[in-house]
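Asks: Return atomic coordinates for the entry below.
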Amino acid sequence: MNRTRIHKRIRAKIQGTASAPRLAVFRSTKYTYAQLIDDAKAVTLCSASDVAHKGKHTKAERAKKVGEEIAKKAKEAGITKAVFDRGGFPYHGRIKEVAEGARAGGLLF
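Replies: Okay, here's the model as predicted:
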């Protein structure tokens, strides 16, 4: 309940466009998901998750790989800038790792 209320407040302030889509991050108990969304057309441009990343990695390490993967897909689509949407989650842990991985991959916030 609390996270959704915070997310609504964040979404009232940010909006993704074709030139700078919204990087929406969702964190479940097991996995981390990220997608680039153009809110003007209401379409998802690309997405990434750590569902297929099995192995002996921590959730934070897998989240960083999700950020790098979304940045790679964005680069292939010709996107260099994005607006970060933490989805109402606190900016630490896996959410922060996704952002740092995306920055390391060349995506600007």
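
Asks: where does the chain dip in pLDDT?
Replies: 1 (pLDDT under 70).

Asks: most residues in a single helix of it, which one?
Replies: helix 59-76 (DSSP state H).

Asks: got the buried residues for that helix?
Replies: 59, 62-74 (16 or more other CB atoms under 10 Å). Placement of C-beta: from N, CA and C, glycine included.

Asks: and what of stretch 92-103?
Replies: Using 16+ other CB under 10 Å as the test for burial, stretch 92-103 gives Arg94, Ile95, Lys96, Glu97, Val98, Ala99, Gly101, Ala102.

Asks: returning to that earlier point: mind listing the strands the very next helix or strand once past the longest helix of the chain pairs with, and their directions?
Replies: Counting by DSSP states H and E, the element after helix 59-76 in chain order, helix or strand, is strand 83-85. With DSSP bridges as the test, strand 83-85 is paired with strand 22-27 (parallel).

Asks: what bridges to Thr32?
Replies: Applying DSSP bridges, one finds that Thr32 bridges with Arg27.

Asks: What separation do you get for it and Arg9?
Replies: Using CB to CB, to the nearest Å, we find Thr32 at a distance of 22 Å from Arg9.

Asks: And Phe109, by the same measure?
Replies: The value you get for Phe109 to Arg9, if CB to CB is used, is 19 Å.

Asks: Please apply the same query to Gly105.
Replies: Taken as CB to CB, the span from Gly105 to Arg9 is 28 Å.

Asks: Tell me which of those two has more neighbours.
Replies: The neighbour comparison of Gly105 against Arg9 (other CB atoms under 10 Å) goes to Gly105, with 18 against 10.

Asks: Surely that one touches Lys72?
Replies: Yes - here Gly105 reaches Lys72: they are 5.7 Å apart, a contact under CB atoms under 8 Å.
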